[in-house]
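Undergrad: when you get a sec, could you give me coordinates for this:
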Amino acid sequence: MVQPTLRNFALALSLPLILVGLAVAQENQQKVVKKAPVTATSAASGAEMYKQYCAACHGKEGKGDGPAATALKQSPPDLSTLAKRHDGKFPEDFVSSVLHFGVSAPAHGSSDMPTWGPLLSAVSSADKAQVELRISNLIRHLKSLQAK
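TA: Reported below is the predicted structural model:
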């Protein structure tokens, strides 16, 4: 028969080990970004499109701290510093290209960021003018997020 003090001692030692084991197991579970169909938003509102399409990864203010950011292979860039990182000038052509064609990060594997051109085309009934309006308004909104 095991003495009660020895049994209590064994239980007291095993509880922290079980908790550490659970914490490690939980830490090893990969976070997954759920992909959902793109829903239509107003082409006239860059802020609305940003909130619907971008904020989950890039965050409300574009700082790369959205709720889905931790599940990505590579952290999303801080969009509020685009102008700062481009010698004080907002890189409109670069942002337009990224929105149209996506980004390529060969050293880091494939990009987690969707190629928005085809997705915006889908919610714009393939109307090229409306896609351009959407991208233009998204760019205008991103300019408004630039850190002063």
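Undergrad: element containing His141?
TA: helix 128-144 (DSSP states H and E).
Undergrad: name the helices or strands packed onto that helix?
TA: helix 46-53, helix 92-101, helix 116-123 (3 or more CB pairs under 8 Å, 6 or more residues apart in numbering; DSSP states H and E). Where you see a C-beta, it was placed from the backbone N, CA and C, and this is true even at glycine.
Undergrad: go through those helices and name the closest to Gln130.
TA: Comparing these against Gln130 with CB to CB, the closest turns out to be helix 116-123 (8.2 Å).
Undergrad: name the residues that touch the closest one?
TA: Among residues not part of helix 116-123, those counted as contacts by CB atoms under 8 Å, 6 or more residues apart in numbering are 38-41, 53, 99-102, 128, 131, 134-135.
Undergrad: quick check: of those residues, which has the highest neighbour count?
TA: Neighbours here are counted as other CB atoms under 10 Å. On that basis the top member of those is Arg134, with 27 neighbours.
Undergrad: still on that earlier bit, tabulate the contacts of helix 116-123 (JSON lines), appending pLDDT.
TA: As requested, these are arranged in JSON lines below (pLDDT from 0 to 100):
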{"residue": "Val38", "pLDDT": "74"}
{"residue": "Thr39", "pLDDT": "82"}
{"residue": "Ala40", "pLDDT": "84"}
{"residue": "Thr41", "pLDDT": "89"}
{"residue": "Tyr53", "pLDDT": "90"}
{"residue": "Leu99", "pLDDT": "91"}
{"residue": "His100", "pLDDT": "89"}
{"residue": "Phe101", "pLDDT": "87"}
{"residue": "Gly102", "pLDDT": "84"}
{"residue": "Lys128", "pLDDT": "91"}
{"residue": "Val131", "pLDDT": "92"}
{"residue": "Arg134", "pLDDT": "93"}
{"residue": "Ile135", "pLDDT": "94"}
